[in-house]
Each structure stands twice: as structure tokens, then as C-alpha cells.
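Chemist: compute the structure for the input listed below.
(chains A and B)
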Number of protein chains: 2
Amino acid sequence: MKLHILGCYAATPRTLTNPTSQVLEIENHLFLIDCGEGTQVQLRKNKIKFSRIERIFISHLHGDHFFGLPGLISTFRLLGREKDLHIYGPKGIQEAITLLLKLGNSWTNYKLIFHELSSSKSEVIFEDTKVKVKTIPMDHRIYTNGFLFSELPGERKLNVLATSKHKIDKAYFRSIKQGKDIKLDDGSVIANSQLSLDPPPPKHYAYCSDTGFNRDVIPLIKEVDLLYHESTFLESEAHLAKKTKHSTATDAATIAKEAKVFRLILGHFSTRYKSIQPFKEEAIKVFNNVDLADDGKIFEI
Amino acid sequence: MKLHILGCYAATPRTLTNPTSQVLEIENHLFLIDCGEGTQVQLRKNKIKFSRIERIFISHLHGDHFFGLPGLISTFRLLGREKDLHIYGPKGIQEAITLLLKLGNSWTNYKLIFHELSSSKSEVIFEDTKVKVKTIPMDHRIYTNGFLFSELPGERKLNVLATSKHKIDKAYFRSIKQGKDIKLDDGSVIANSQLSLDPPPPKHYAYCSDTGFNRDVIPLIKEVDLLYHESTFLESEAHLAKKTKHSTATDAATIAKEAKVFRLILGHFSTRYKSIQPFKEEAIKVFNNVDLADDGKIFEI
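Modeler: Model (predicted):
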């Protein structure tokens, strides 16, 4: 898994910083997470192939997470896209996009499939054989979801030493990887555990933005490998965080610590701060493994 | 008058080029003309004060002229704007902006005043004591207007030599500038033409984008000081220009020549071309005083 930060600043696009947008490489997917104004330029700068994006996840309908989407949809058409595009986002997103396309008399050549969300409970919104995506309900001023991206457990690994010791024919390898015991020609049975090894543990990435401090997310993001949690403010502006339903760096670190995640990335920084370094300094007092997002940064998971 | 080109490329924002947006300084106004995605970043880069923009003119509702507007409106709010904002654009623009604001539960603190256009004839859409703005109906795939920005004739200039020769009291200067004859204390009358000089001729800027080749605009833009005319394509792609209702550099130059404008600026270049220089080379064969727009360029009128 690889996470590309395209933009991680709050509120407005500026000369050198971009509103929220990320690309998650997971198995054979490129998922776009949020789409602030300027996302398509950031995709180009970060050399991400537009055609590989098939699913877009929008957390909520504030402009800094959403106003790049109409333009991206139009650009897909201009680039000759034919593949379906799936858009997951709050109820209302279909009406907005459809109206903008209609006003421009600009229908898409490809199929635009909306998955509108309105549940206040976590739900599975995408699943294939390798990946599962669940919503993480956030506590923001408008209906907002974070997203949990999970690899599904892979096949077991062949224990090559064991299979050659037992002279197991290749024809059985598929079954062994699927966890089955093997019955030999002489009738004896070898337990799968003797022939295979556990696969690497599946990885999990949790995206939590925008949200006030909210312990309800903890069971949903328990022990994830990577948590991106918004920290719009520092504790010195905790009153603003509370008022606008955002988090401080301390809030984010507290959630990370209590959810026992492996690593925390802070983002969605208010543009009022001249430097983002103090966010790390504040969070690290609560949770040790913390890093700062920044536009153009890539995190390996 | 001063024209700032913020973006002058067609279709999609790219790493180094921007879709259409311009700022016209005219008298005490800063008019924003079209607002493609990325306009607010271009305003910052070009050091244009957001608060001075009070009127925005949108030619049509294709994304490359319009998708930067919702974000700009939101940013105005975040910057604490209180002054009214007037938006002139095709019918439907109010519904689109209102829906986006409603979905984000993001009402503005300032008054948003829409002037929706639907006439197929040229009409005056703004006028004060110094400036007049008229629509120029374009021939595009959807309802589109260009705009003619005109200074109104200024006050006459005092002929200082004449007023001192006639020993005219200062108290009359205001009347002289307003074109009135002066009756002296001895009952004699001096004609205004003896006491004043013609003011500098008012200047006119015509913005024509997007449009196919259309001679109907010629009487509306006759002898303007500056014409910005779209030239999405070169003549080698005339078939595409015809199909998509855009113009070639030759088309634009032909309009400039027949309308006897003083100077032509070409813009709205298709991103298919590696260099825009050939646009000038093509147009100059038809019309001599031609220049190329480019993002960040400023033209004095």
C-alpha cells in the first residue's frame, strides 16, 4: 500500500498549498480520497495516471474536499475515458454533479455511478476479493465519513521446505495455499499447518477527516497500520477546534494512542499557521510514531 | 485600463497553464471575467486583492470558465468579506451556486446578487457614471456571452490658457468641465468650446470567448481599443473549430480586421499545441496588431 498526499491543508487553495486530496494505491486499485479544487493539477504533478482512477471517495461536501470533482469528471471525458467511474459520497453529490454537467450540456462518454451515503453507522461500501472499504462516521458540521481501507487476508504461503520433504506434487500447491489438508496416494493425510505458512497480515489504512474529537471512531480503527487524522488546529486554538468541529494535534494523537494504531499522520492544517512543525511537536507528547502530511509526500504502508 | 490574464488555455487546468480567467482594471473597478478552476490561486500569484472584486462576469457554464467560482465564493466568506458580490452569468448559475452552498451548509456572510442572463441580443448589464458593460452574444455550443467594457466619456478638460486669458473665476471651473457656457458679470457669454478641450476618448475592451466564427459581433465591437478573441485552434484544425463552435487564429484576425479594432489579443488556446507562437504567425497574415495572451501577462489599454 502506498499513500500519495496531493493536498493536506484546510479551507482554501493557495499558491503553494492545496486543499484535501489523496491517492491510495492498494492491491490493483488507485483510490482517490477527496477532491479539493486543484486536484487534477496535483494528479499531474505527482504523475498519477488519470485512467487508473476508478473509484473516488468523498468524505463530505465542503468545498475544500469536493470542488475539484466537477472539473476532474469533465477532464476524464476530454481524455477519452470509457471506463466506469464510481463515486462514493454524501447524499446530494449526484444532484450537484448532474446539475453542473447539465448546465454545461456536458454529458460524459463513460458511465458515472454514484453510491450515495446517508447512514450514521459504519458500513461496507466496496469489497472485492482483495480489498474492503468501510465508512467511519465523523463528527463534523455536516454529514461526513472517514474511510477504512483494508486488504483482505491473502492466501497462505507454501512452506517449500515442507512440501519438498514430503515430496508433494505441484498439483496440490493451489489447495495448500487455500488452507486445505492434503491426502496422499497412500491414504495418509498431512495437515495444512505443516505445509503452509501464515500470509503476511493484511494492512489497514484509516482516513479520518474532517472531525471533532470523537472517541466513537476508536473501535473502528483499532490497530490500523496507518491513521491519517485531521489536526486543523493546535491546542492553543482548541476553542476554535471545538466551535468548528475540528481536531487539534493532541486530539488526533489521543485517538491514535487509544486506538493503538501503528503510525499516525497529521493533516488538514489550518492555513493560519506559518509552520506545521509545531503539530508534530504537540502530538509526539501523546503518541510516539507520528509524522506530518505535506503536499507531494508519499507514505509506504 | 489594464487587463490581467490569469488563465487563457482551453479545456483543463494543467501544471503550468490555467483555464480562462481575467481581471480588468477599469476606472475604480476590478472586474473578474470568467473563473475557471484555479482562479483564486492565480489571483494570489498575480497579487490581486480579493476584496476589490465586486463584480464577476461569467461568459458561459462550461467548466473551464466557471468551476473556480464556487471555491472563490467560499474563500470570500473565509476572508471575512462583507461587501456585496454581483455575479453576471447565464440563467442557471444561481441554482448551481446555491445548491453547492446548501450542500455544504455554507451560507455567505455577504450578499450574493445574481444577474442572470438569457437574452440573445446585446444588452447593457451594468452602468455607473464612468463605466458601461454590454453583452456580446456569442455563437457557441451553449448559451454564451462575450462582454464589452466601455469607459463613459469623461468630463471636458479645462483650457487653462483660455480661462486665465478671460480671467474666469475658479467658481466656474466645475460648470466648464461639465460643458456649460459661461456668463460673465458684465453679461457677456463665452462659449464652452473656447474654455475647454475634448476629454481623452473613452476606451473600450471587448472580450469574445467562446465562439465560432461569427460576423454578427462586428458592429458590437467596432473600433474597440482592445479585442480579446478566442482562437482555440489553428487553421489546420478548422474542421475541429467548426465542429466544436470555436475559432481559429485566422477567424479571430478576420473579425479584428473587419471590426477595425486597434489591437487583437488571441487566447483560449487548445492544449494540444506545444507552442502558441504559430497562432500569432497565422493571425498576423490577416491583421497586423496582434499579440498572444499568456497566464500572468498584463496588457495596458
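
Chemist: surely A:T39 and A:P13 touch.
Modeler: No. Under the criterion of C-beta atoms under 8 Å, A:T39 is not in contact with A:P13, lying 9.7 Å apart. Where you see a C-beta, it was placed from the backbone N, CA and C, and this is true even at glycine.

Chemist: and for these two, which residues touch both?
Modeler: Common neighbours of A:T39 and A:P13, counting by C-beta atoms under 8 Å, 6 or more residues apart in numbering or on different chains, are A:G7.

Chemist: for the residue of the stretch 101-250 of chain A found nearest chain B, give me the pLDDT.
Modeler: Across the stretch 101-250 of chain A, no residue is closer to chain B than A:L103, which sits at 4.3 Å (C-beta to the nearest C-beta). pLDDT, A:L103: 97.

Chemist: nearest residue to A:H115 other than its sequence neighbours?
Modeler: A:Y88 (4.5 Å; C-beta to C-beta, 6 or more residues apart in numbering or on different chains).

Chemist: count of neighbours near the closest residue in space to A:E300 that isn't next to it in sequence?
Modeler: In this structure, A:E300 finds its nearest non-sequential neighbour in A:K2, 5.7 Å apart by C-beta to C-beta, 6+ apart. Number of residues near A:K2 (other C-beta atoms under 10 Å in any protein chain shown) recorded here: 13.

Chemist: go on, A:D294?
Modeler: So A:D294, with other C-beta under 10 Å, has 15 neighbours.

Chemist: likewise A:S231?
Modeler: The burial count for A:S231: 32, using other C-beta under 10 Å.

Chemist: my guess is it meets A:T248, correct?
Modeler: Yes. Using C-beta under 8 Å, A:S231 is in contact with A:T248, at 6.0 Å.

Chemist: related to what we said a few turns ago, what about the residue of the stretch 101-250 of chain A closest to chain B, distance to B:I87?
Modeler: Distance from A:L103 to B:I87, counting by C-beta to C-beta, to the nearest Å: 14 Å.

Chemist: close to chain B: what parts of the stretch 101-250 of chain A are there?
Modeler: A:L103, A:G104, A:N105, A:S106, A:R141, A:I142 (C-beta under 8 Å from any C-beta of the partner chain).

Chemist: can you tell me how far the third one is from B:K245?
Modeler: What it means is A:N105. Taken as C-beta to C-beta, the span from A:N105 to B:K245 is 11 Å.

Chemist: same question, the first one
Modeler: In this structure, A:L103 and B:K245 are 17 Å apart, going by C-beta to C-beta.

Chemist: more neighbours: which of these two?
Modeler: Legend: neighbour count by other C-beta under 10 Å for A:L103 and B:K245, higher for A:L103 (21 against 18).

Chemist: which phi and psi does the residue of the stretch 201-301 of chain A found nearest chain B have?
Modeler: Going by C-beta to the nearest C-beta, chain B is nearest to A:T271 of the stretch 201-301 of chain A, at 9.2 Å. Per-residue torsions, A:T271: phi -80, psi 0 (degrees, to the nearest 10).

Chemist: any chance you could map the strands in the stretch 101-250 of chain A?
Modeler: With DSSP state E, counting those that start in this stretch as the criterion, the stretch 101-250 of chain A has strands at A:112-117, A:124-127, A:131-137, A:145-151, A:157-158, A:182-183, A:189-190, A:196-197, A:204-208, A:226-230.

Chemist: pick the most buried one from those strands.
Modeler: Highest mean neighbour count among the strands of the stretch 101-250 of chain A (mean count of other C-beta atoms under 10 Å in any protein chain shown): strand A:226-230, with a mean of 28.

Chemist: which residues sit against that one?
Modeler: A:1, A:3, A:22, A:203-211, A:221, A:246-247, A:252, A:255-256, A:259, A:261-268, A:293, A:299, A:301.

Chemist: list only those of those flagged as buried.
Modeler: A:1, A:3, A:22, A:204-211, A:221, A:246-247, A:252, A:255-256, A:259, A:261, A:263-268, A:293, A:299, A:301 (16 or more other C-beta atoms under 10 Å in any protein chain shown).

Chemist: what pairs with the residue nearest to A:H115 across the strands?
Modeler: Following DSSP bridges, A:Y88 is listed with bridge partners A:F57, A:H115.

Chemist: what's the neighbour count on it?
Modeler: The burial count for A:Y88: 23, using other C-beta under 10 Å.

Chemist: also A:P13?
Modeler: For A:P13, the neighbour count with other C-beta under 10 Å is 30.

Chemist: ok, residues contacting stretch A:147-160?
Modeler: Contacts to stretch A:147-160, defined as C-beta under 8 Å, 6+ apart, come from residues A:1, A:24, A:26-27, A:31, A:33, A:57, A:59, A:122, A:127, A:129-136, A:173, A:176-179, A:192, A:194-200, A:202-207, A:220-221, A:224.

Chemist: centre of the chain versus that stretch, how much separation?
Modeler: Centroid separation between stretch A:147-160 and its chain, computed with C-alpha atoms, centre = their mean, to the nearest Å, is 18 Å.

Chemist: what average pLDDT does it get?
Modeler: For stretch A:147-160, the per-residue pLDDT averages 94.

Chemist: just the helices in chain A please.
Modeler: Counting by DSSP state H, chain A has helices at residues A:39-45, A:69-78, A:93-103, A:160-165, A:173-177, A:192-195, A:238-244, A:249-258, A:277-283.

Chemist: which one of those helices lies closest to B:L79?
Modeler: Closest approach to B:L79 among those is made by helix A:238-244 (15.9 Å; C-beta to C-beta).

Chemist: domain map for chain A?
Modeler: Annotated domains of chain A cover A:2-154+A:200-300, A:160-197 [automatic domain parsing].

Chemist: what's the most buried one of those?
Modeler: Using mean count of other C-beta under 10 Å, the stretch among the domains of chain A with the greatest mean number of neighbours is domain A:2-154+A:200-300 (a mean of 20).

Chemist: what's the first-to-last distance across it?
Modeler: Its start and end residues considered, domain A:2-154+A:200-300 measures 5 Å (C-alpha to C-alpha, to the nearest Å).

Chemist: any idea how far it is from the middle of the chain?
Modeler: Distance of domain A:2-154+A:200-300 from its chain centroid, counting by C-alpha atoms, centre = their mean, is 6 Å.

Chemist: could I have stretch A:78-93 exported to CSV, CA atoms only?
Modeler: Output of stretch A:78-93 as CSV, limited to C-alpha atoms (Å, rounded to 0.1, in the frame of the first residue of the first chain):
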residue,chain,number,x,y,z
LEU,A,78,-11.8,15.1,-22.6
LEU,A,79,-9.2,12.4,-22.1
GLY,A,80,-11.5,10.0,-23.9
ARG,A,81,-12.3,7.9,-20.8
GLU,A,82,-14.7,5.0,-21.4
LYS,A,83,-14.3,3.1,-18.2
ASP,A,84,-17.0,3.4,-15.5
LEU,A,85,-16.3,5.9,-12.7
HIS,A,86,-17.6,5.1,-9.2
ILE,A,87,-18.2,8.0,-6.8
TYR,A,88,-18.9,7.4,-3.1
GLY,A,89,-20.1,10.4,-1.2
PRO,A,90,-22.9,12.0,0.9
LYS,A,91,-26.4,12.2,-0.4
GLY,A,92,-26.7,15.2,-2.7
ILE,A,93,-23.5,14.6,-4.6
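
Chemist: what residues does that stretch touch?
Modeler: A:50-51, A:53-61, A:66, A:69, A:73, A:76, A:94, A:97, A:108-118, A:125-126, A:133, A:142-145, B:11-12, B:103.

Chemist: pLDDT score assigned to A:V290?
Modeler: 98.

Chemist: so it sits against A:K280, correct?
Modeler: Yes. Under the criterion of C-beta under 8 Å, A:V290 makes contact with A:K280 at 6.0 Å.

Chemist: okay, and the common contacts of these two?
Modeler: By C-beta under 8 Å, 6+ apart, A:V290 and A:K280 have these common neighbours: A:L266.

Chemist: comparing the domains of chain A by mean pLDDT, which bottoms out?
Modeler: Ranked by mean pLDDT, those end with domain A:160-197 at the bottom, a mean of 92.

Chemist: how long is that one end to end?
Modeler: 10 Å.
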